[in-house]
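Chemist: Need coordinates for the below:
(2 chains)
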Amino acid sequence: AQSVTQLDSHVSVSEGTPVLLRCNYSSSYSPSLFWYVQHPNKGLQLLLKYTSAATLVKGINGFEAEFKKSETSFHLTKPSAHMSDAAEYFCVVSDLRNQFYFGTGTSLTVIP
Amino acid sequence: EADIYQTPRYLVIGTGKKITLECSQTMGHDKMYWYQQDPGMELHLIHYSYGVNSTEKGDLSSESTVSRIRTEHFPLTLESARPSHTSQYLCASSELDRRNTEAFFGQGTRLTVV
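Modeler: Got it, this is the predicted structure:
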């Protein structure tokens, strides 16, 4: 069975400081992992995805995530937060039939 | 940019009314999904489809129904709306059999039943 756990429901950072959003996964096989972002009253936008080609995945808007099999983790990072990064972030794992399993989300606040 | 569209974006409707939320995609995706998202953010899968004439119930029980008569169209219907149906509804689509493919989401429909 596939599942993800987002370890923080809320993260608050100052503008210009690093962002770390944590995600652990559980999967019966080599997983497909994704990070999505949702701005207020919007749908979900794909930030990046892990496809087993490389463990460090670069996404849009300066975000990246590292797949660590030994730790079953797929944490999302960004070196320097911007005000526009304030949003909800979802870690997602999919199964072989493309059924998507969402984490409970992390709300990121960026303090000016 | 994802080519998946939901209408209406916002809907306020009285109790007991029948409503249909529209979802269309132009990517030729076989698999489509409906998620319900409450203010606590968590997304719950309520319906999905593998293709034309296929509909399946998701993890969260819902009084809504769906149909898939055309590949590109996956409407969701509530026969008699109630205040407990107030929520945001998100439609998504993806390829069916290709691994590592992402889901594409519409902008959502925010439903309020008064």
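
Chemist: Distance across stretch A:15-31, terminal residue to terminal residue?
Modeler: The separation between the terminal residues of stretch A:15-31, taken as CA to CA, to the nearest Å, is 33 Å.

Chemist: Okay, buried residues for it please.
Modeler: For stretch A:15-31, burial by neighbour count (16 or more other CB atoms under 10 Å in any protein chain shown) applies to A:19, A:21-25, A:27, A:31. Where C-beta positions appear, they are placed from N, C-alpha and C, glycine not excepted.

Chemist: What parts of chain B come near chain A?
Modeler: Contact residues (CB under 8 Å from any CB of the partner chain) of chain B with chain A: B:2, B:6, B:31, B:33, B:40-43, B:45, B:48, B:90, B:92, B:94-108, B:110.

Chemist: now, among the buried residues of stretch A:15-31, which is nearest to chain B?
Modeler: Distance to chain B, by CB to the nearest CB, is smallest for A:Pro31 among the buried residues of stretch A:15-31, at 9.6 Å.

Chemist: show me the contacts for the closest one.
Modeler: Going by CB atoms under 8 Å, 6 or more residues apart in numbering or on different chains, A:Pro31 touches A:2, A:25, A:50, A:93-94.

Chemist: What ranges does chain A have for its strands?
Modeler: With DSSP state E, the ranges of strands along chain A come out as A:3-6, A:10-14, A:19-21, A:23-26, A:32-38, A:44-50, A:56-58, A:64-68, A:73-78, A:87-94, A:100-102, A:106-111.
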